[in-house]
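Q: Sequence and computational prediction follow.
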Amino acid sequence: MRNDADSTPTPPADGPPPIRLSRRTLLLGVGGIVTLGAGGYWITEGRSVEDGFSFDTPLRIPPELGSELIDGERVFRLSAQSGETELVPAVAFATLGFNGAYLAPTIRAVRGERVRVHVTNELDMPTTAHWHGMILPARQDGTPHQTIRPGNTWTAAWQINQPPATLWYHPHPHGQTELQISRGMAGLFLIDPAEPTPGLPSNYGVDDIPLIIQDVTIQPGGGKPGTPTGSPIGRIGNTAIVNGTHRPQFHASTNLVRFRILNASAARCYNLTLSTGEPFHLVATDGGLLSAPVTLTNLLLSPAERAEILVEVRQGAEIVVRSVPHELGMSNRDNIVSGAHDTVDLLRITGAAVLGGQRSLPRSLPSDPLPLPDSASVRRNFVLGDVTINGQTMEMNRIDTRVTAQTTERWIVTNASTRAHNFHIHGTQFTVHALTGSASTVTIPGWKDTVFIPPKSTAELVIPFGDHVDPTTPYMYHCHLLWHEDQGMMAQYTLNETRGMPSSATKEG
Ligand SMILES: [Cu+2]
């Protein structure tokens, strides 16, 4: 263990250089450092309330981004920035964010609104701003085809035309996405209904609470994003951070709280449970509300997936939102080094002595109808390798798939590798018709844009494609485990007016 605080640690080859800390800072941070395990991939820092760690730092809430109404458009301004952030008390991290040094403000717009977002790059490296889960023209999507060079401003504009949902935004620069997201460039983009949904808590920061989860590594000399652990799915951190808060506490003032949870980690999956053993209620998946709450006792969230859940809180309650050991479908060793055996406490919820409001669970929710599997006119097969899709890695100038706009397709995505993957498609929301193979996951009918696919498993996706025809500007589909994505586990599709020359499409039936 390094204890010479006045020497700058040698930058590890595997990641950004640690920040030089003062002796006082390092000494204060020592409690976290000495508890590190040799491998560093399992959670050892503040892992559990039951191990005597106190979770009493008030949960930070990302601010809502202000906007101007100009010529009928809601106009937002973002700026990619860098800085140092004490994500863990007395441990500084080199961080990135939008409109701040870490994370990003919450953007909100109402379904049907036209929005315009100006994004300025104040970093010393290229970046992009991708609107994850948004159905919009490919030119507005913020992919590597819309790179923002240092000092430049890029503007995206579109009309919100999809159900209310918890979406998010993050950079998508080719080969640099893991670095930029895991250092903190992640914010929520909420699509609001015109009127609050009856029965759903919607008082932001009071009973409607965002939870952006990242994992970071505390190490001698400072902090950094997740660490290479030998995991076949990417870098795993030893410390969970929620909304930039270490060991957070949320004090509930109402009996029913809605949490909008985003896994913004590079690779770590979270198997969410409540420490009380009581169930919670899933009300929305990636792309919008379910037709009715689904009662669960655990929920696996892989990177980039979102879930909105309702948690019932009693007077004086003590509840810990906890990730518990789970199965990623890989070898035992690979599961362990990927954090699947970890217990990770994420948030302590305390109930007020007197709770305001006596809300009961909604019985049904206003949701848009899901596509019927039989409505798919085209079927395509995709095979996931270690870092390939159909045997290839990403090529910026290659269009892999040509889709006819306003048609529904069925994509059969098979993970033929020994690694876990997930699969994200830009510019649409789909449903998971089936997940078969080694996966024991129950599929919940709801809008998704990212689906976890363990080894030796196949996901059948039903995808209604949009109407933003552009035969030359592609959307991406890719693994959202960021190390895989950066290695080129990504491909491109375009939306076309008439059927082109589909590379792997065959008429179904
Ligand atoms: Cu992957």
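A: Cool, got the structure.
Q: C-alpha from now on. contacts and neighbour counts both.
A: Fine.
Q: Go ahead and confirm residue 259 touches residue 208.
A: Yes - Residue 259 is within contact range of residue 208, at 6.0 Å (criterion: CA atoms under 8 Å).
Q: quick one: contacts for the residue positioned nearest the centre of the chain?
A: The residue lying closest to the centre of the chain (CA atoms, centre = their mean) is residue 304, at 2.5 Å. Residue 304 is in contact with 262-265, 450, 480, counting by CA atoms under 8 Å, 6 or more residues apart in numbering.
Q: 10 Å instead, please
A: Counting by CA atoms under 10 Å, 6 or more residues apart in numbering, residue 304 makes contact with 132-133, 167-170, 186, 261-267, 269, 286, 422-424, 449-452, 480-482.
Q: same thing with residue 178?
A: Contacts of residue 178 (CA under 10 Å, 6+ apart): 171-172, 185, 225-226, 234-235, 265-267, 480-486.
Q: Output those of the residues you listed also counted as contacts of the ion.
A: Filtering the contacts of residue 178 for neighbours of the ion using CA under 5 Å from the ion leaves 481, 484.
Q: Narrow the contacts of residue 178 to those that are buried.
A: Buried by 16 or more other CA atoms under 10 Å: 171-172, 185, 225-226, 234-235, 265-267, 480-486, out of the contacts of residue 178.
Q: In strands only, show me the residues you listed.
A: Using DSSP state E, the subset of the buried ones among the contacts of residue 178 located in strands is residue 225.
Q: Now the stretch 51-200 of the chain against the ion: closest residue?
A: Distance from the ion to each residue of the stretch 51-200 of the chain (CA to the ion) is smallest for residue 178, at 12.2 Å.
Q: And the chain, by the same measure?
A: In the chain, no residue comes nearer to the ion than residue 421, which is 3.6 Å away by CA to the ion.
Q: wait, that residue sits on residue 266?
A: No - with contact defined as CA atoms under 10 Å, residue 421 does not count as touching residue 266 (12.0 Å).
Q: about what we covered before: and the closest residue in space to the residue of the chain closest to the ion that isn't next to it in sequence, what is it in contact with?
A: Once flanking residues are discounted, residue 421 sits nearest to residue 453: 5.4 Å by CA to CA, 6 or more residues apart in numbering. Applying CA under 10 Å, 6+ apart, we find residue 453 in contact with 302, 328-329, 384, 413-415, 419-423, 435-439, 441, 459, 479.
Q: Just the buried ones from the residues you listed?
A: Using 16+ other CA under 10 Å as the burial test, the contacts of residue 453 include 302, 328-329, 384, 413-415, 419-423, 435-437, 439, 459, 479 as buried.
Q: Can you give the contact residues for stretch 60-73?
A: 74-78, 99, 103-109, 113-117, 157-159, 187-190, 204-206, 209-212, 242-246, 248-250.
Q: about what we covered before: tell me the spacing between the residue of the chain closest to the ion and residue 455.
A: From residue 421 over to residue 455 the distance is 8 Å, taken as CA to CA, to the nearest Å.
Q: do the same with residue 491
A: Distance, residue 491 to residue 455, by CA to CA: 20 Å.
Q: still on that earlier bit, of the buried ones among the contacts of residue 453, which belong to helices?
A: Of these, none are assigned to helices by DSSP state H.
Q: Pop the domain breakdown of this protein in here.
A: Annotated domains of the chain cover 208-356, 373-507 [automatic domain parsing].
Q: Quick one: residues contacting residue 265.
A: Residues counted as contacts of residue 265 (CA under 10 Å, 6+ apart) are 178, 181-184, 186, 212-216, 225-226, 235-237, 240-241, 302-304, 480-482.
Q: likewise residue 346?
A: When contacts are counted by CA under 10 Å, 6+ apart, residue 346 touches 46-49, 55, 211, 213-214, 239-242, 245-249, 270, 272, 320-323.
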